[in-house]
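[1] Sharing a sequence plus its predicted fold:
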Amino acid sequence: MTITIALPSKGRMKDDASTLFERAGMRIIAVGNDRSYRGRVEDWDDVEIAFLSASEISRELGNGTIDFGVTGEDLVREGLAEADKRVEFCARLGFGRADVVVAVPEIWLDVDTMADLGDVAADFRARHGRRLTIATKYWRLTQQFFSSQHGIQLYRIVESLGATEGAPASGSADIIVDITSTGSTLGANHLRVLNDGVILRSEACLVRARNESHAGEPSVARIIEAVRSAL
Ligand SMILES: Nc1ncnc2c1ncn2[C@@H]1O[C@H](COP(=O)(O)OP(=O)(O)OP(=O)(O)O)[C@@H](O)[C@H]1O
Ligand SMILES: O=P(O)(O)OC[C@H]1O[C@H](OP(=O)(O)OP(=O)(O)O)[C@H](O)[C@@H]1O
């Protein structure tokens, strides 16, 4: 069978992903012209490459329309319910690192932990006449972390598709859940990560859709082996 591997077509993971594949002995050749979104791997005739954005890759893994993808763990866990049942994380690739975190305004001096935040959330309506609001694009991860892991139910998520760190200062939310790598954007916006507020330490991963057709397919094992050997 032909195995389709999706690699980032743009963005911060694109170059690292193609360098890794090269090191794994899988040299990628564009099919058609330079702007083509398909490729193949030199001397691997049963492999096809699709170039997609990192977030599309997580969606297509969920649909099972690609066999493997290189994308961020955060995008997979946010995009797919019960991700581990639908995909296998075959290798952590050591680039695209970012933490998904809960951050509060620096001036919330008494709030250091999720338990403290739970107390704030419980009092919020009495004090302010509304629920605590959280700006994020990570709905699923936020709900799992707050409700299932920490038993905090009294909050409202405000969807944020950009400049999330600005939400507390602009008044559109009280706190945020977002990714951070150096921490400089949080600092510039006077926000602080709670001591136990790291929801996920994400990085780029080689992810396999759990397709039944993979059972006993030699090229599936060969691809995983090749990528792991390059780490
Ligand atoms: N500083 C960072 N900021 C944002 N994402 C980062 C950062 N460092 C690593 N990443 C990771 O990069 C991935 C997002 O990459 P990118 O922005 O290229 O993807 P995308 O969401 O498909 O792009 P777009 O939003 O342009 O469609 C996520 O997995 C994220 O965790
Ligand atoms: O901890 P730091 O190193 O400051 O990085 C974190 C920031 O980087 C990303 O934004 P970016 O401006 O790269 O663009 P994006 O939101 O479009 O991904 C991300 O959304 C955070 O805002």
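    Done, it's in. Ligands and ions are numbered 1, 2, ... in the order given.

[2] for this structure, which residue is closest to the average position?
    Residue closest to the average C-alpha location in the chain (Cα atoms, centre = their mean): Asp74, at 1.8 Å.

[3] can you tell me which residues contact the nearest residue to that residue once chain neighbours are set aside?
    In this structure, Asp74 finds its nearest non-sequential neighbour in Ser202, 3.9 Å apart by Cβ to Cβ, 6 or more residues apart in numbering. In this view, the C-beta of every residue, glycine as well, is placed from N, C-alpha and C. Residues counted as contacts of Ser202 (Cβ atoms under 8 Å, 6 or more residues apart in numbering) are Gly72, Glu73, Asp74, Gly96, Arg97, Ala98, Asp99, Val100, Ile179.

[4] hang on, the earlier thing: in contact with the residue nearest to the centre of the chain, which residues are there?
    Ala98, Val100, Tyr138, Leu141, Ile179, Leu200, Ser202.

[5] Which pair in the contacts of Ser202 has the greatest spatial separation?
    Farthest-apart pair in the contacts of Ser202 is Gly96 and Val100; separation 12.7 Å (Cβ to Cβ).

[6] Leu93: neighbour count?
    22 (other Cβ atoms under 10 Å).

[7] got it, and Leu75?
    So Leu75, with other Cβ under 10 Å, has 24 neighbours.

[8] That one: what's it in contact with?
    Ala54, Ser55, Ile57, Ser58.

[9] mind giving me CSV with the residues you listed and columns for pLDDT, distance to ligand 1 and neighbour count?
    Below are the contacts of Leu75 laid out as CSV (pLDDT from 0 to 100; distance: Cβ to the nearest ligand atom, whole Å; neighbours: other Cβ atoms under 10 Å):
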residue, pLDDT, distance to ligand 1, neighbour count
Ala54, 96, 3, 25
Ser55, 95, 4, 16
Ile57, 97, 8, 28
Ser58, 97, 8, 25
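
[10] Can you lay out those residues as JSON lines showing secondary structure and distance to ligand 2?
    Formatted as JSON lines, those follow (DSSP: H, G, I helix; E, B strand; the rest coil; distance: Cβ to the nearest ligand atom, whole Å):
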{"residue": "Ala54", "secondary structure": "helix", "distance to ligand 2": "10"}
{"residue": "Ser55", "secondary structure": "helix", "distance to ligand 2": "11"}
{"residue": "Ile57", "secondary structure": "helix", "distance to ligand 2": "15"}
{"residue": "Ser58", "secondary structure": "helix", "distance to ligand 2": "15"}
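
[11] where does the protein come near ligand 1, residue by residue?
    11-13, 53-55, 72, 74-75, 96, 98, 179, 181, 202 (Cβ under 6 Å from any ligand atom).

[12] For the residues you listed, which two are the farthest from each other?
    Ser53 and Ser181, at 18.8 Å, using Cβ to Cβ across those.

[13] And the worst-scoring helix or strand of the chain on mean pLDDT, how far out from the chain middle?
    Least confident helix or strand, the chain: strand 28-30 with a mean of 90, by mean pLDDT, DSSP states H and E. Chain-centre distance of strand 28-30: 26 Å, with Cα atoms, centre = their mean, to the nearest Å.

[14] got it, and stretch 142-156?
    19 Å.

[15] What residues sit buried inside it?
    Judged by neighbour count (16 or more other Cβ atoms under 10 Å), stretch 142-156 contains these buried residues: Thr142, Gln143, Gln144, Phe145, Phe146, His150, Ile152, Tyr155.

[16] Excluding chain neighbours, give the residue nearest to Tyr37 in space.
    Nearest non-adjacent residue to Tyr37 (Cβ to Cβ, 6+ apart): Phe51, at 4.7 Å.
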